[in-house]
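# Below is the structure, and that's it, no one-letter string:
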């Protein structure tokens, strides 16, 4: 096939119409927008997404075990161990023996962890409001229900 000597036409406007038919593409684009806001706002607390998620689960489930955290967040146990150690070094969490299972250890927030999470969860609410400002309350509720239907 002969190669044309004419230069290829420049793309004036990018056609994303096919990608926009894909759930994964749309979910990723929305997620990247929220993650960008989240990362900027949580930097003041020195929290990444996974740290925030771990601390939030401990906040709302005092005494949660590492196994339960792994299950709730789909984290492999070896990956969680280092995260917990780091949170302990920051004096945000501490461990206590589990009341029913002598082999298990429950995770709890320290006073510093509770104070940090009060502020961080307030910031999360604010950034979620900002990220979804173009949605009505009903649309946001529907979006949450549909997204959860995919991953649950």
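Perfect, I can see it now. Computed from a prediction, not measured in an experiment: that's the story for all the values here.

# can you pull the contacts of residue 121?
Contacts for residue 121 were tallied using C-beta atoms under 8 Å, 6 or more residues apart in numbering; they are 56, 59. Every C-beta, even on glycine, is put in place using the N, C-alpha and C of the backbone.

# Average pLDDT for the helix or strand containing residue 69, rounded please.
Per DSSP states H and E: residue 69 is located in helix 66-73. For helix 66-73, mean pLDDT rounds to 96.

# Kindly report the same for stretch 126-141.
pLDDT averaged over stretch 126-141 gives 95.

# neighbours around the spatially closest residue to residue 106 that is not a sequence neighbour, how many?
The shortest distance from residue 106 to any non-neighbouring residue, by C-beta to C-beta, 6 or more residues apart in numbering, is to residue 63 (3.5 Å). Counted with other C-beta atoms under 10 Å, the neighbours of residue 63 add up to 17.

# ok, which stretches of the protein are strands?
Assigned strands in the chain, in chain order: 64-65, 93-97, 105-109 (criterion: DSSP state E).

# okay, the angle between the second one and strand 105-109?
It stands for strand 93-97. Interaxial angle, strand 93-97 versus strand 105-109 (axes from the mean of the first three to the mean of the last three C-alpha atoms, to 10 degrees): 150 degrees.

# buried set for strand 93-97?
Neighbour-count burial for strand 93-97 flags residue 93 (criterion: 16 or more other C-beta atoms under 10 Å).

# Output the contacting helices and strands for it.
helix 77-89, strand 105-109 (3 or more C-beta pairs under 8 Å, 6 or more residues apart in numbering; DSSP states H and E).
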